[in-house]
Every structure is written in C-alpha cells, then in structure tokens.
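Undergrad: okay, structure incoming, though there's no sequence with it:
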C-alpha cells in the first residue's frame, strides 16, 4: 500500500472514530436528559393534577385569580425576567445562540400551577417546552457543548418534557425538530430526541403518569362521502386555527395597549376571567378542559359555542400575562368544533372530534408529521386515512399563522420556494 493510500485509510478511520464517539455521546446525554426531565415532568404532571382537583373541589378559588396573576408577575420581576417571551425564546435559542436561562424552568413550573389552581384557561405544553428547553440548554452549557450541539440538547429537553406530560413519545420526538423551522428538519437531532422521548416515557410511566388516549369505537368506511365530509371539516378547522392564532396575538397587543403596567394588566385579565366564568355559570372553560374533550369523544352534550368560548377564555388568560400553554386549548377548540360539525353531517361524533382536534393542532403549530403521529398515539391507527387527509388540508390552508411568532417558515406551503419568514 502506497503512502497516499495509507493516509486516506487513516483519514477514514479517524472520521469513523469521531462519528462513533459522537454517537456514543448523544446516546449517553439523551438518556441523561430523558431521566432528568422525565422525572421533573412527572412531578409537574402530578402537581397539575392536584391543583386542578383542588380548584374543582373548591370552586371559590376562582375569585383569587387576579391575586394569582399579581403573584406570577411578581415572581418574574423578582428573578429579573419581566420580558420573558416563553416558548418563543426556546425557538429563538435554537435559531441563534440566544441563551435560555435555567430560572425559566422553576418560574414556568410554579406560575403554570398558579394559573391552573385559580382557574386560568391554559394548557400545559408551554410549560413543558420551556422546562425541557431550559434544562436541556443548561446541560449543554454545563458540559461545554458547542453552539450547534446545545441546540440539539434544547430539542432533546423539549421532546422529553413533552412526552412526560402527554405520553406521546413518537409525536414528542418529532415535534421539537419540526416546530422550529417549517419546511426543513434537523435530522441530526432525530436519534437524541427519540431516545430522550422514549426514556422520558418510561420514567413518567414508572411515576404513574397516564397518557391521554381516547377510544373512538366503530369508525365509518373511508369512501367518497365520508372523505368529502372530513375534508370539509379539515378546511373549516384550518380557518378556526387562524382565528385562534389571531385572537391570541391580538389579545396580548390590546392588553399592552390599554394596560401599560404589568400588574394592572394581569389583575384586569383575572377580573375578566372571573366575570366571564360567573356569566357562563360553570367552569367548563377554565383550566385545560380535558374532561370536555372526553365528553365530545363519548358523544355527550356540549355547548354549541364551546369552541368560541374556549378561544375567548384562553386569549383573555394568556394575553394578560398568565402562564401555561396554547396546545391543549387548541385541542379543546378543535374537539368541540368537530363535535358540533358531527351534529350537522351525521358522521361519528368521536371521529369528528378527533379530526377537529388534530386539524386545529396542525393549523396552529404548522407541524403535519407530528400531528399525524399524535393522531395515531391518541386515537389509534384505524382512522389513518381520515387523519392523513385532514392533516394535509389543514397544514396547507392554515397559511402562515402560528402560535409561536419566532417559528420560521423556511419553505412555502404552496410551491417549492424558499421564503424564510416568521409566522404571524
């Protein structure tokens, strides 16, 4: 073997060794991330269950929502994080070298519990993404990872936390990769995110976290009629997702316009929610609303305007400065709208509820692959043709709107064109 061939062989061996070391590194840190964040996520899940049961048992706690809002704003001011942008900061940190402070994790943990305890309308995944992203990014800094590897650690943490709270490891593993840049996916994060999600799933299961899965019963045959009705539902759900995003963003803008002071803003928001709840006469639209989704799946009676009311309650809550997430409320909105649609079209209420949920989720997150995987994990594989059709249409017709203003649309939804723009 000549000298040139020897050098080429050494170069190849060196690169193979580097890839092997990198693979081992990611396996180790993915497991570590899944163990740590899976444990924290499980604790958060049980705390949320406790505060929700407490609020439902002591309905008068709702009256303290304005004071709870003051406490949240005070906590963020004490820790000098008044300009916190939540999940948008996590996405921005993956796009750039922006730093996610470790204090984000305990702050969002506590403030989300306060929001749910006193009856704010919010979800839990916003907290999950922020807890996971904060801890994942901090682990990357602790072990002196370079900038690109820290981005992967952030996505790892997001997948682990999302899994711990939702029990959907397939969707969670892909969501953190897909949500950052619509149109491209960073496959270098695939193995770390998959491993961290699966480890977190096992950890959360060990600690008694149960996934929200729904049995749909007998589904209609996929034919021209049923496909057409589901396509119509998906189209309408895409429009609902646009309306939901507009309401959320405009509510925050209007709050800031009329209430310059953060304390006054959140206190006013709390008052609005209390008055709305008293006007409605029940607390169906406070908290996350999972029980209402279950009622839709089972074909039980639900207010025809439930999807509108949930959007209003959530916009009033999050726009004012309360903490939580938007995804579970989007499930509520989609589920109740789908149930309403079933009353007019004659299709299975359970199927329309499921399709409404997944379609609105896809529309507000711009994550079609995640939406499809989540439909399998939540509802089973039997309705696959319906979910596939609904997700595709909702993704295309929801335009460039989204929950997260720092989410980037890299490629157009309508043609093979590079656009690299943020959502609105």
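TA: Right, received. Where do you want to start? Bear in mind the structure is a predicted one, so any value in this text is a computation, not a measurement. Numbers count the residues shown, from 1 in each chain.
Undergrad: so how far is stretch 284-299 from its chain's centroid?
TA: Relative to its chain's centre, stretch 284-299 lies at 18 Å (CA atoms, centre = their mean, to the nearest Å).
Undergrad: how about stretch 335-354?
TA: On CA atoms, centre = their mean, the centre of stretch 335-354 falls 23 Å from that of its chain.
Undergrad: ditto for stretch 38-45
TA: The answer for stretch 38-45 is 16 Å, by CA atoms, centre = their mean.
Undergrad: stretch 80-88 too?
TA: Distance, stretch centre to chain centre, for stretch 80-88: 17 Å (CA atoms, centre = their mean).
Undergrad: in it, what counts as buried?
TA: Of the residues in stretch 80-88, 81, 84, 86, 87, 88 count as buried by neighbour count, 16 or more other CB atoms under 10 Å. In this view, the C-beta of every residue, glycine as well, is placed from N, C-alpha and C.
Undergrad: is it possible to get a markdown table of those that adds secondary structure and pLDDT?
TA: Formatted as a markdown table, the buried residues of stretch 80-88 follow (DSSP: H, G, I helix; E, B strand; the rest coil; pLDDT from 0 to 100):
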| residue | secondary structure | pLDDT |
| --- | --- | --- |
| 81 | coil | 74 |
| 84 | coil | 72 |
| 86 | coil | 77 |
| 87 | helix | 83 |
| 88 | helix | 82 |
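Undergrad: how about a markdown table for those residues, with distance to residue 352 added?
TA: Putting the buried residues of stretch 80-88 into a markdown table (distance: CB to CB, whole Å) gives the following:
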| residue | distance to residue 352 |
| --- | --- |
| 81 | 42 |
| 84 | 37 |
| 86 | 32 |
| 87 | 29 |
| 88 | 32 |
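Undergrad: which of the residues you listed sits closest to residue 165?
TA: Closest to residue 165 out of those is residue 87 (13.7 Å), distances taken as CB to CB.
Undergrad: does that closest one touch residue 126 like I think?
TA: Yes - between residue 87 and residue 126 a contact is recorded at 5.4 Å, counting by CB atoms under 8 Å.
Undergrad: what do those two both touch?
TA: residue 325 (CB atoms under 8 Å, 6 or more residues apart in numbering).
Undergrad: roughly how far apart are residue 128 and residue 222?
TA: Using CB to CB, to the nearest Å, residue 128 is found at 34 Å from residue 222.
Undergrad: oh, that last question was meant for residue 53, not what I typed.
TA: Distance of residue 53 to residue 222, given as CB to CB: 40 Å.
Undergrad: which of those two has more neighbours?
TA: residue 222 (15 against 10; other CB atoms under 10 Å).
Undergrad: would that one count as being in a helix?
TA: No - Residue 222: not assigned to a helix; according to DSSP: H, G, I helix; E, B strand; the rest coil it is coil.
Undergrad: so what does the helix or strand residue 46 falls within touch, helix or strand wise?
TA: Secondary structure assignment for residue 46, by DSSP states H and E: helix 3-57. Counting contacts by 3 or more CB pairs under 8 Å, 6 or more residues apart in numbering; DSSP states H and E, helix 3-57 packs against helix 104-117, helix 125-142, helix 147-166, helix 190-206.
Undergrad: can you add distance to residue 291 and mean pLDDT and give these back as JSON lines?
TA: Shown next, in JSON lines, are those (distance: least, CB to CB, whole Å; pLDDT from 0 to 100):
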{"stretch": "helix 104-117", "distance to residue 291": "14", "mean pLDDT": "94"}
{"stretch": "helix 125-142", "distance to residue 291": "18", "mean pLDDT": "90"}
{"stretch": "helix 147-166", "distance to residue 291": "16", "mean pLDDT": "93"}
{"stretch": "helix 190-206", "distance to residue 291": "21", "mean pLDDT": "96"}
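Undergrad: so which of those helices is the most packed in?
TA: helix 147-166 (a mean of 29; mean count of other CB atoms under 10 Å).
Undergrad: pull the distance from it to the chain's centre.
TA: Chain-centre distance of helix 147-166: 13 Å, with CA atoms, centre = their mean.
Undergrad: ditto for stretch 58-69
TA: 25 Å.
Undergrad: now what about it, what contacts it?
TA: 54-55, 114-115, 117-120, 266-271, 273-274, 277, 283, 286, 320-322.
Undergrad: which residue ranges of the stretch 151-300 of the chain form strands?
TA: Taking DSSP state E, counting those that start in this stretch to define them, one finds strands in the stretch 151-300 of the chain at 181-182.
Undergrad: walk me through the regions of it where pLDDT falls short of the threshold, as ranges.
TA: In the prediction, the stretch 151-300 of the chain carries no residues with pLDDT under 70.
Undergrad: coming back round to it: TSV please, covering the helices and strands packed on helix 3-57 and showing distance to residue 350.
TA: What follows is the helices and strands packed on helix 3-57, written out as TSV (distance: least, CB to CB, whole Å):
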stretch	distance to residue 350
helix 104-117	27
helix 125-142	23
helix 147-166	20
helix 190-206	25
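Undergrad: figure out which of those helices is closest to residue 387.
TA: Nearest to residue 387 among those is helix 147-166; the distance by CB to CB comes to 16.8 Å.
Undergrad: tell me the helices and strands packed up against that closest one.
TA: helix 3-57, helix 87-95, helix 125-142, helix 169-178, helix 190-206.
Undergrad: report the spatially nearest residue to residue 414, omitting neighbours in sequence.
TA: Closest residue to residue 414 apart from its sequence neighbours, by CB to CB, 6 or more residues apart in numbering: residue 396 at 7.2 Å.
Undergrad: I am finished for the moment; much appreciated.
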